[in-house]
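Trainee: sequence isn't available, so here's the structure alone:
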């Protein structure tokens, strides 16, 4: 009898049942707050295979792209083949930056005569216990938020989950197009997910949401602006600028920083709390990259450095010790599990490390559980091992014209030739940005004093493997610093320090932005970047 499948779990597929009921049998948490009427749009699931066996989409599902359904509306009509689904809000492993606390504590909210007061004079109500703040990093694939004690600088709670906007596309350009066709749907899905986590964390901590007195939010320009309900269509066409960047250029605003009240955005914190969107650098290099700089202390330390934040929209920043340059590349979601047959984000069950020994793969999974797929660090290891064993050419072709290479036999997890194609393009976007910035600064990779790896899988990423396949410029291993999820660490630092906010707002105005596509030899660089070999030094 055919099964309904989620990850490594499977149950018999029974006609007549809603996907919502089947998900419950699989112990999958599918959020919903509308009593299954289809109004809340929270129970979106992705149908990977077998979707033709479901009832036709209802009017409540009209906003969804093909391949996505509302679990409360989709009913199994027949059971001919297996049906595989995936929820859009899986909780992920939390990769914090190495420094878990921030020494500098000078928040913009203080207690005056028993009341919480923001530095703009806003009265936030009586002090009900600890004064708390929220730091949020909205990535295209992953969202991380922290609840922080504003007086002590201590992290009280953390949550990380997949960005539920995936039904609008896996990259920023897709979401920009989707938002134009379905205004507000992406913002609402994100708002609901964040509020769900805030409720859960406040309940676990035993705190009143009115104690959450300020929110500092970072993300790439598209993710940040969607969260604030701004028009993101200009980011989808030349010159790729946020409406806030355009306003600054026209003299209509002093900064790209956004400030709204929580009640305006429907965020479940103190209604009068400020929600602050961090400053952008330029084009698609956003507040998350700016927060990275704060987190790693790159500028404070001086000297030359390279910072690479690998994600769906990869940001690269480089400095010769005097100038700072920035660039971004549309790497796509491949290294975060998107577009790869057995790819997945860094959740429990993801293969995060791979070694080839005696013609068999030894793997390590997150949580040391049964493998369910491969996340970014595991994919980098796997590609490097295939190159070392000459099972794959520099052009990504497998030995003996194999169509796929099995990594785990039970359950079956493999790397396909199509996967390698997606990964080569993602890798090239990251590699070209590094080469162009280093070259424009008149440097070579060996001149770099430090190379910071930021992003969700940075801590698990093997630098040797990354260099082997050309994902990272060749530098001595002792110069590589794994910064983990530096964006959330930077957001936390900015939440806690007015001085850091002011310093960052001054700094971003001095950073030079490079449009790497305008390089005369861009296509040659991109072609070289698609090869699985070390970047030329």
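Mentor: Sure, I can see it. These figures come from a predicted structure and were not determined experimentally.
Trainee: so where do the strands sit in the stretch 101-250 of the chain?
Mentor: 109-112, 115-118, 123-126, 132-138, 142-149, 155-162, 212-219 (DSSP state E, counting those that start in this stretch).
Trainee: comparing the ones you listed by mean pLDDT, which bottoms out?
Mentor: Here the strands of the stretch 101-250 of the chain differ in mean pLDDT, and the lowest is strand 155-162 at a mean of 91.
Trainee: give me the helices and strands touching it, please.
Mentor: strand 142-149, helix 185-205 (3 or more Cβ pairs under 8 Å, 6 or more residues apart in numbering; DSSP states H and E). C-beta coordinates here come from the backbone N, C-alpha and C atoms, glycine included.
Trainee: just name the most buried of these.
Mentor: Per-stretch averages of neighbours, counted by mean count of other Cβ atoms under 10 Å, single out strand 142-149 among those, with a mean of 24.
Trainee: re the thing from before, quick one: which of the helices and strands packed on strand 155-162 is nearest residue 399?
Mentor: Shortest separation from residue 399 across the helices and strands packed on strand 155-162 is recorded for strand 142-149, at 34.3 Å, computed as Cβ to Cβ.
Trainee: ok, residue 294 - contacts?
Mentor: Shown in contact with residue 294 (Cβ atoms under 8 Å, 6 or more residues apart in numbering): 489, 490, 493, 494, 500, 504.
Trainee: picking that back up, CSV please, covering the strands of the stretch 101-250 of the chain and showing distance to residue 444.
Mentor: What follows is the strands of the stretch 101-250 of the chain, written out as CSV (distance: least, Cβ to Cβ, whole Å):
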stretch, distance to residue 444
strand 109-112, 46
strand 115-118, 48
strand 123-126, 52
strand 132-138, 32
strand 142-149, 33
strand 155-162, 37
strand 212-219, 31
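Trainee: residue 61 is nearest to which of the ones you listed?
Mentor: It's strand 155-162; of those, that one is closest to residue 61 (Cβ to Cβ) at 19.8 Å.
Trainee: ok and the closest one relative to helix 185-205, angle-wise?
Mentor: Computed with axes from the mean of the first three to the mean of the last three Cα atoms, to 10 degrees, the direction of strand 155-162 lies at 140 degrees from that of helix 185-205.
Trainee: use 340 as the first number for this chain going forward.
Mentor: Fine by me, first position is 340 from now on; the one you just mentioned is strand 494-501.
Trainee: buried residues, strand 494-501. List them.
Mentor: Taking 16 or more other Cβ atoms under 10 Å as the basis for neighbour counts, the residues of strand 494-501 that come out buried are 494, 496, 497, 498, 499, 500, 501.
Trainee: just the closest of those to residue 520, please.
Mentor: Within the buried residues of strand 494-501, the smallest distance to residue 520 is 22.2 Å, found for residue 501 (Cβ to Cβ).
Trainee: thought that closest one was touching residue 683?
Mentor: No - when contacts are counted by Cβ atoms under 8 Å, residue 501 is not listed as touching residue 683 (9.6 Å).
Trainee: pull up the pairing partners for the helix or strand encompassing residue 656, direction included.
Mentor: Using DSSP states H and E, the element containing residue 656 is strand 653-658. In the sheet, strand 653-658 lines up against strand 644-648 (antiparallel), strand 663-668 (antiparallel) (DSSP bridges).
Trainee: in a markdown table: these, plus mean pLDDT and distance to residue 629.
Mentor: Below are these laid out as a markdown table (pLDDT from 0 to 100; distance: least, Cβ to Cβ, whole Å):
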| stretch | mean pLDDT | distance to residue 629 |
| --- | --- | --- |
| strand 644-648 | 95 | 11 |
| strand 663-668 | 94 | 9 |
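Trainee: turn those into TSV, columns for distance to residue 630 and mean neighbour count.
Mentor: TSV is the format used below for the strands paired with strand 653-658 (distance: least, Cβ to Cβ, whole Å; neighbours: other Cβ atoms under 10 Å):
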stretch	distance to residue 630	mean neighbour count
strand 644-648	10	26
strand 663-668	13	24
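Trainee: closest to residue 723 out of those?
Mentor: The minimum distance between residue 723 and the strands paired with strand 653-658 falls on strand 644-648, with 16.8 Å, by Cβ to Cβ.
Trainee: contacts made by that closest one with the rest, please.
Mentor: When contacts are defined by Cβ under 8 Å, 6+ apart, strand 644-648 is touched by residues 627-628, 631-632, 635, 637, 653-658, 769, 772-773, 776-777, 787-794, 811-812, 822, 825-826.
Trainee: which of those count as buried?
Mentor: Those of the contacts of strand 644-648 that meet the buried threshold are 627-628, 631-632, 635, 637, 653-658, 769, 772-773, 776-777, 787, 789-794, 811-812, 822, 825-826, by 16+ other Cβ under 10 Å.
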